[in-house]
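Visitor: no FASTA, just this:
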């Protein structure tokens, strides 16, 4: 376990030096600081009497702080789900090719560490990196609005956590692909394609209805079946963040589906890794 | 003498996805005694790197037996006793030299102190443990790789072109280090194209070509495995001596041992007295060239 965590830690140390992640950290910090200094909220007993951004009046009706935060959280959850997944798919695309680079993988494999530890160490490192991004972004906004309104609502963190599960599935595809073809470009492209397919899969029933009945529709149905429904997951994430009611069973099925999908792909990666010569 | 590593009838064939299969090792049988420094030499594509990767469990053999330090290289407990430096080491650019060593130490299940890591870095000539690996020169990277290989005093050191990119002064330092490691009792397997370096470090040599061992033995043996002797006769020899050729080295005989004895008998019968017979030693370049030419 110590070795697996060391592989993950090395990946995080490497990420901390990369411009992509420094830019992400900088961008989140910038947005939080901007909101922190520019957003003025007049809060009276949990209700917002008025709000100004950059000195301009946003609204002057009295609304509950929760109501305002729900709207903001919903938008943030959508943006962080799609934006975050897209950004991370590109920014994390070369971690696996780096691990498998000639001159590095031979050295790692010569050490008393199992191949599965290298594989899962890399996976854990990347998903931890994504989790840290979620915690910093969503956590920062939660704290900022909590301080400004006095109302502490942690639903954005919960919603973003659900979105993070979607990224875990996405990265499982990206990581596994590298054990067949080592390529950062392919890895990043597959991440984006999986995200798009995940949205398509969310509407598979309605798309299928629009297709002509026959083998094409059947094939589409089967092809979309194993793809995690990332579009639905994004909606769930946003609704959770906005404290809107949700079907718990449906959420559970979605999350379990993502986890099974990730586990299945990582099993394929482990199988391939164990048999591969370097 | 116990073997640090032994392979028997080792075959490795790489299956091409579209192209033909490529045989990298063809029935290789070899044993390297514990505590020795074994130099593996041969032309490019001879199978040296594949052989090394098989010893480390990085590549799985198609068939044959592999025993490293008495066990299977797939066993992590066996690999814990090996130090390895790859030919072109790819280091994580973001880490500092000392962080990299710490990372390797953790993966090797070692817990060295900071002082030990700094000491090891200094031993390989790196006094920049705080510098990021990404800013290292090729020679510095190689030195760091060597430090990583030496971490935990492994019983077996497998080094693939250890002085690649290191300047001549640095090469002497690396050679001294390797000789110190040998003195400590470590077995060294050295793959280097620098034959003079191999000659200075190794006491055993193996010539690999087309995946087969063409020649193997102690350094003295392979250098002597010559078919050439220099004979010194008593007094001045005016006329030609049958079977011998006068060269810069003296009266030289080319042929096998039987032929040498016959020629010596004939010289004695001609009234000459033999004072010394010295087998002509060759440098490794000549050994390699000849064994590749003759196939043995």
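Guide: Cool, got the structure. The structure presented is a predicted model; accordingly, all values stated were derived computationally and were not measured.
Visitor: In three-state terms, how would residue B:220 be classified?
Guide: Here residue B:220 is helix, with the state taken from DSSP: H, G, I helix; E, B strand; the rest coil.
Visitor: For it, which non-adjacent residue is spatially closest?
Guide: residue B:281 (7.8 Å; Cβ to Cβ, 6 or more residues apart in numbering or on different chains). Where you see a C-beta, it was placed from the backbone N, CA and C, and this is true even at glycine.
Visitor: The one you found reaches residue B:219, doesn't it?
Guide: No: using Cβ atoms under 8 Å, residue B:281 makes no contact with residue B:219, being 9.6 Å away.
Visitor: Could you give the average pLDDT over stretch A:92-105?
Guide: Averaging pLDDT along stretch A:92-105 gives 94.
Visitor: buried ones in that stretch?
Guide: A:92-101, A:103-105 (16 or more other Cβ atoms under 10 Å in any protein chain shown).
Visitor: Same check on stretch A:249-259?
Guide: Neighbour-count burial for stretch A:249-259 flags A:251, A:254-255, A:257-258 (criterion: 16+ other Cβ under 10 Å).
Visitor: Now, those residues that are in helices?
Guide: A:251, A:254-255, A:257-258 (DSSP state H).
Visitor: Run a quick neighbour tally on residue A:223.
Guide: 13 (other Cβ atoms under 10 Å in any protein chain shown).
Visitor: actually residue A:176, not the one I typed
Guide: For residue A:176, using other Cβ under 10 Å, the count is 25.
Visitor: For residue A:10, give me its contacts.
Guide: A:125, B:92, B:95, B:103 (Cβ atoms under 8 Å, 6 or more residues apart in numbering or on different chains).
Visitor: Check the burial of the closest residue to the third one other than its chain neighbours by counting its neighbours.
Guide: The spatial neighbour of residue B:95 that comes closest, neighbours along the chain excluded (Cβ to Cβ, 6+ apart), is residue B:133 at 5.4 Å. The burial metric for residue B:133, expressed as a neighbour count using other Cβ under 10 Å, is 18.
Visitor: coming back round to it: of residue B:281 and residue B:219, which one has the most company?
Guide: Shown here are residue B:281 and residue B:219; by other Cβ under 10 Å, residue B:219 has more neighbours (21 against 15).
Visitor: wait, isn't the more buried one in contact with residue B:203?
Guide: Yes: with contact defined as Cβ under 8 Å, residue B:219 reaches residue B:203; the gap is 5.5 Å.
Visitor: how close does the residue of the stretch 151-278 of chain A found nearest chain B sit to residue B:24?
Guide: Chain B sits closest to residue A:277 of the stretch 151-278 of chain A, with a gap of 4.4 Å, by Cβ to the nearest Cβ. Per Cβ to Cβ, to the nearest Å, residue A:277 is found 10 Å from residue B:24.
Visitor: now swap in residue A:230 and tell me
Guide: From residue A:230 over to residue B:24 the distance is 44 Å, taken as Cβ to Cβ.
Visitor: do the same with residue A:227
Guide: Counting by Cβ to Cβ, the separation of residue A:227 from residue B:24 is 40 Å.
Visitor: The two - which one has more neighbours?
Guide: Neighbours were counted for residue A:227 and for residue B:24 using other Cβ under 10 Å; residue B:24 has more, 25 against 19.
Visitor: Would you agree residue A:84 is in contact with residue A:163?
Guide: Yes: between residue A:84 and residue A:163 there is a contact at 6.9 Å, judged by Cβ under 8 Å.
Visitor: what residues do those two have in common as contacts?
Guide: Counting by Cβ under 8 Å, 6+ apart, the residues touching both residue A:84 and residue A:163 are residue A:134.
Visitor: Compare the two (neighbour count), which wins?
Guide: residue A:163 (27 against 22).
Visitor: that older thread, touching both of residue A:277 and residue B:24, which residues are there?
Guide: residue B:14.
Visitor: How about residue 185, nearest residue that isn't a chain neighbour?
Guide: Assuming you mean chain A. Closest to residue A:185 by Cβ to Cβ, 6+ apart is residue A:93, at 7.3 Å.
Visitor: please go with chain B instead
Guide: Closest to residue B:185 by Cβ to Cβ, 6+ apart is residue B:35, at 5.6 Å.
Visitor: And the helices in the chain?
Guide: No chain was given, so I picked chain A. Going by DSSP H, chain A shows helices at A:2-16, A:19-38, A:65-91, A:95-99, A:105-110, A:115-149, A:155-177, A:184-202, A:204-210, A:215-224, A:230-241, A:248-275.
Visitor: I was thinking of chain B, sorry if that wasn't clear
Guide: So, for chain B - with DSSP H - the helices run B:48-56, B:76-79, B:97-107, B:114-123, B:138-150, B:168-184, B:195-201, B:219-224, B:257-269, B:284-294.
Visitor: All set, thanks.
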